[in-house]
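Visitor: the sequence and its predicted three-dimensional model are supplied below.
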Amino acid sequence: MFRAQWMFELAPGVSSSGLEPLPCRASSRGSGVKSVDARGKQEIAKEEKAKELFLKAVEEEQNGALYEAIKFYRLAMQLVPDIEFKITYTRSPDGDGVGKRCVEDNKEDDKMTDLLSDFQQQLTLQESSVKLCQPEVDVSQTHISVLPMEVLMYIFRWVVSSDLDLRSLEQLSLVCRGFYICARDPEIWHQVCLKIWGRSCNKLVPYASWREMFLERPRVRFDGVYISKTKYIRQGEQSLDGFYRAWHQVEYYRYLRFFPDGQVMMLTTPEDPPSIVPRLRTKNTRTDAILLGHYRLSQETDNQTKVFAVIMKKKEEKPIDYHKYRYFRRVPVQETDHSFHVGLQLCSSGRQRFNKLVWIHHSCHITYRSTGETAVTTFDIDKMYTPLFFARVKSFTAFSEKPL
């Protein structure tokens with residue numbers, strides 16, 4: 001009897017008294033649906049709040065307020081840990097325009113591509129008498145904006161100078177929109193390209209501008225020195241007792257300084273860069289060991305740019321001491337001219353461009369003046385010829401001797 005009653009109570013839809021079906025399941029199902037809907041609305045509200053906080057953090061980060069941005073990032077991730085992957089950056093939340101810069105990123109990129117024409121249009125729309133710049137505050141002295149355009153461009157040519165200091169020109173373009181327009185003058189960049197590559201740059205194709213040619217086409221750099229450091233172990237002389245033989249570590253440097261007019265200086269010395277680099281600022285140096293010569297750039301068919309240079313030692317005319325050879329016959333010495341032929345491949349290394357020179361050829365040519373014959377000695381390019389890396393020297397462009 002008890003077993004039958006127990007089995008009857010376990011049957012679905014029957015109450016414990018066995019008289020009526022259980023109506024509580026339908027009501028529990030309805031309350032469960034309501035609780036699920038309320039929970040979903042809470043999740044959606046939480047996600048919207050997290051999106052708003054995250055976009056606020058993005059705006060603060062773009063404005064440079066990193067501390068505030070970190071605070072908003074933390075609050076957003078506390079609400080929704082993976083909120084970063086749920087934002088599409090296509091709209092900003094309702095309120096005070098949070099995330100507006102995320103929406104306008106594509107428009108800003110389009111403006112940056114043609115910033116020069118945008119600045120020119122802004123200056124044209126300002127007033128009928130166009131001025132490149134305006135004084136920020138009222139001054140009693142004459143402002144630079146009063147100068148004619150020709151005088152301003154002449155000043156910019158002095159900034160570039162004959163040393164082709166384009167780095168200073170780019171820094172000058174950051175002053176204002178007018179200076180930016182002057183610094184993008186095609187005539188300045190065209191003359192710079194002509195001084196570097198000569199007649200081989202008459203055609204602008206495939207570059208969009210002369211400035212782009214200067215930035216993209218391989219070239220040697222003039223605002224510093226190419227330096228290489230070589231080390232090797234050399235065996236010394238044996239001691240008198242025969243049990244000791246010294247070993248010497250030999251260390252020396254090679255320096256190469258290029259000039260825009262096609263001249264080059266080369267120096268091989270054990271002295272370190274801080275003592276040598278100041279002597280390489282001008283071509284009129286008093287260091288006797290410096291070799292002077294000319295170089296040229298060569299664009300090969302394999303799209304590799306190579307630098308070929310012919311370097312000679314400075315000629316010094318020593319006065320003849322007639323009193324020394326007065327009472328005996330002088331033995332004539334055969335006069336010779338020494339020149340070094342150098343071949344280097346121009347490469348880029350790391351984040352810098354055109355900052356590495358790799359040795360491909362080095363030879364010595366001895367010409368006898370009496371007969372005109374030339375003896376050539378070619379050196380093997382081995383581990384002793386380490387690559388030269390560029391180091392910028394600020395003092396090389398600190399002064400301008402003449403304009404571009």
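Guide: Sure, I can see it.
Visitor: my guess is Val264 meets Ala309, correct?
Guide: Yes: between Val264 and Ala309 there is a contact under CB atoms under 8 Å: 5.2 Å. (Each C-beta comes from the backbone N, C-alpha and C, glycine too.)
Visitor: next, show the common contact partners of these two.
Guide: With contacts defined as CB atoms under 8 Å, 6 or more residues apart in numbering, the residues shared by Val264 and Ala309 are Gly293, His294, Tyr295.
Visitor: how about the secondary structure of Met153?
Guide: helix (DSSP: H, G, I helix; E, B strand; the rest coil).
Visitor: low-confidence regions, the stretch 301-404 of the chain specifically.
Guide: Counting by pLDDT under 70, the stretch 301-404 of the chain has low-confidence residues at 301-302, 314-334.
Visitor: ranges for the strands of it?
Guide: When assigned using DSSP state E, counting those that start in this stretch, the strands of the stretch 301-404 of the chain occupy the ranges 305-313, 336-349, 352-368, 374-378, 388-392.
Visitor: between the ones you listed, which one is closest to Leu174.
Guide: Closest of those to Leu174 is strand 388-392, at 18.8 Å (criterion: CB to CB).
Visitor: quick one: strands adjacent to the closest one?
Guide: Strand 388-392 has its sheet partners listed here by DSSP bridges as strand 224-238 (antiparallel), strand 352-368 (antiparallel).
Visitor: let's have these in CSV, adding distance to Arg257.
Guide: What follows is the strands paired with strand 388-392, written out as CSV (distance: least, CB to CB, whole Å):
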stretch, distance to Arg257
strand 224-238, 5
strand 352-368, 12
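Visitor: and of the ones you listed, who's closest to Asn303?
Guide: strand 352-368 (14.1 Å).
Visitor: so how far is that closest one from its chain's centroid?
Guide: How far strand 352-368 lies from its chain's middle: 25 Å, per CA atoms, centre = their mean, to the nearest Å.
Visitor: Arg211: neighbouring residues, count only.
Guide: Residues near Arg211, counting by other CB atoms under 10 Å, number 22.
Visitor: quick one on the thing from earlier: and which of the shared contacts of Val264 and Ala309 is nearest His362?
Guide: Gly293 (13.1 Å).
Visitor: that closest one in helix, strand or coil?
Guide: When classified by three-state DSSP, Gly293 comes out as strand.
Visitor: the stretch 151-300 of the chain: strands as residue ranges?
Guide: Secondary structure of the stretch 151-300 of the chain (DSSP E, counting those that start in this stretch): strands at 224-238, 245-258, 263-269, 291-299.
Visitor: CSV please, covering the strands of the stretch 301-404 of the chain and showing mean neighbour count.
Guide: Below are the strands of the stretch 301-404 of the chain laid out as CSV (neighbours: other CB atoms under 10 Å):
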stretch, mean neighbour count
strand 305-313, 17
strand 336-349, 16
strand 352-368, 16
strand 374-378, 10
strand 388-392, 17
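Visitor: list the buried residues of stretch 181-196.
Guide: Going by neighbour count (16 or more other CB atoms under 10 Å), the buried part of stretch 181-196 is 181-185, 188-193, 195-196.
Visitor: okay if I get those residues as TSV plus pLDDT and distance to Glu237?
Guide: Shown next, in TSV, are the buried residues of stretch 181-196 (pLDDT from 0 to 100; distance: CB to CB, whole Å):
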residue	pLDDT	distance to Glu237
Ile181	83	69
Cys182	84	66
Ala183	87	62
Arg184	86	64
Asp185	87	65
Ile188	90	60
Trp189	90	59
His190	89	61
Gln191	89	58
Val192	90	55
Cys193	89	56
Lys195	89	52
Ile196	88	50
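Visitor: deepest of the strands of the stretch 151-300 of the chain, which one?
Guide: Neighbour counts (mean count of other CB atoms under 10 Å) averaged over each of these peak at strand 263-269, with a mean of 18.
Visitor: returning to what we had before: turn the shared contacts of Val264 and Ala309 into a markdown table, columns for pLDDT.
Guide: Formatted as a markdown table, the shared contacts of Val264 and Ala309 follow (pLDDT from 0 to 100):
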| residue | pLDDT |
| --- | --- |
| Gly293 | 91 |
| His294 | 92 |
| Tyr295 | 91 |
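Visitor: the bottom helix or strand of this protein by mean pLDDT?
Guide: The least trusted helix or strand in the chain, going by mean pLDDT, DSSP states H and E, turns out to be helix 100-103, with a mean of 44.
Visitor: so what's the residue nearest to the spatial centre of the chain closest to, chain neighbours aside?
Guide: Closest to where the C-alpha atoms of the chain average out (CA atoms, centre = their mean) is Gln352, at 4.7 Å. Distances taken as CB to CB, 6 or more residues apart in numbering place Phe390 nearest to Gln352, at 6.9 Å, with adjacent residues excluded.
Visitor: next up, the contacts around the one you found.
Guide: Applying CB under 8 Å, 6+ apart, the residues near Phe390 are Arg221, Gly224, Val225, Tyr226, Ile227, Gln352, Phe354, Asn355, Lys356.
Visitor: can you spell out which residues form a bridge with it?
Guide: Following DSSP bridges, Phe390 is listed with bridge partners Tyr226.
Visitor: ok, Cys176 touching Cys133?
Guide: Yes: contact between Cys176 and Cys133 holds when scored by CB under 8 Å: they sit 4.7 Å apart.
Visitor: find residues that contact each of the two.
Guide: The overlap between the contact sets of Cys176 and Cys133 (CB under 8 Å, 6+ apart) is empty.
Visitor: the residue nearest to Ala57 when sequence neighbours are not counted sits in which helix or strand?
Guide: In this structure, Ala57 finds its nearest non-sequential neighbour in Phe72, 3.5 Å apart by CB to CB, 6+ apart. Using DSSP states H and E, the element containing Phe72 is helix 66-79.
Visitor: what sits against the closest residue in space to Lys229 that isn't next to it in sequence?
Guide: In this structure, Lys229 finds its nearest non-sequential neighbour in Tyr253, 5.5 Å apart by CB to CB, 6+ apart. Taking CB under 8 Å, 6+ apart, we find Tyr253 in contact with Ile227, Ser228, Lys229, Thr230, Thr268, Thr269, Pro270, Glu271, Asp272, Pro273, Ile276.
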